[in-house]
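Let's see this in three dimensions:
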Amino acid sequence: MLKSEILNAPLLGALAKLGHTDTVVIADCGLPLPAGPTVIDLALVQGLLSFEQVLDVLSRNLVIEASTLASEAKEGTVLQLCASYGLEPQFITHEQLKAELPNAKVIVRTGESTPFANVILHCGVAF
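As a prediction, the model looks like this:
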């Protein structure tokens, strides 16, 4: 048995396949999801699981070298949450962020309903 704090088997399996420069998206419950990337749906009801809960777990279990937010999130709590985890995101428009979704390896859908609560996490390496 694998020793990990992540209990969701599909999520753990998807994360184990990631490599340097791959991207993981934490998505709010309203973000349109493209065909292609692996989608791990953690949304239970509106607000659960939250953006913050998922970011907290992923930040402890991934090497993140960069992050990207929609410029529309510059004035909100999403930027503050990312900063609290040491992420200093680059910004693109929300439309550009949606255009990047098909390139993601994994999209984790949350129950978050805060506007623009989406982040692209760019994987790094541990060495």
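
Only C-alpha atoms from now on, for both contacts and neighbour counts.
OK.

and the helix or strand hosting A83, what's its mean pLDDT?
Using DSSP states H and E, A83 falls within helix 77-84. Mean pLDDT, computed over helix 77-84, is 94.

How about the contacts made by the most centrally placed residue in the chain?
For the chain, the residue sitting closest to the mean C-alpha position, by Cα atoms, centre = their mean, is I26 at 2.3 Å. Taking Cα atoms under 8 Å, 6 or more residues apart in numbering as the criterion, I26 is in contact with 51, 54-55, 107-110, 117-121.

rerun at 10 Å
Residues in contact with I26 (Cα atoms under 10 Å, 6 or more residues apart in numbering) are 40, 50-52, 54-55, 58, 106-110, 112, 117-121.

and K98, how far is that from A104?
11 Å (Cα to Cα, to the nearest Å).

What helix or strand is the residue nearest to the centre of the chain located in?
Per DSSP H and E: strand 23-27 holds I26.

I'd assumed T114 was in contact with L48.
No - checked against Cα atoms under 10 Å, the pair L48 and T114 is beyond contact range at 11.8 Å.

list residues touching both of these two?
In contact with both L48 and T114: C29, using Cα under 10 Å, 6+ apart.

So what's the residue count around N8?
N8: 10 surrounding residues under other Cα atoms under 10 Å.

Packing partners of the biggest strand by length in the chain?
Ranked by residue count and defined by DSSP state E, the top strand of the chain is strand 64-70. For strand 64-70, the packing partners by 3 or more Cα pairs under 10 Å, 6 or more residues apart in numbering; DSSP states H and E come out as strand 23-27, helix 77-84, strand 90-92, helix 94-100, strand 119-123.
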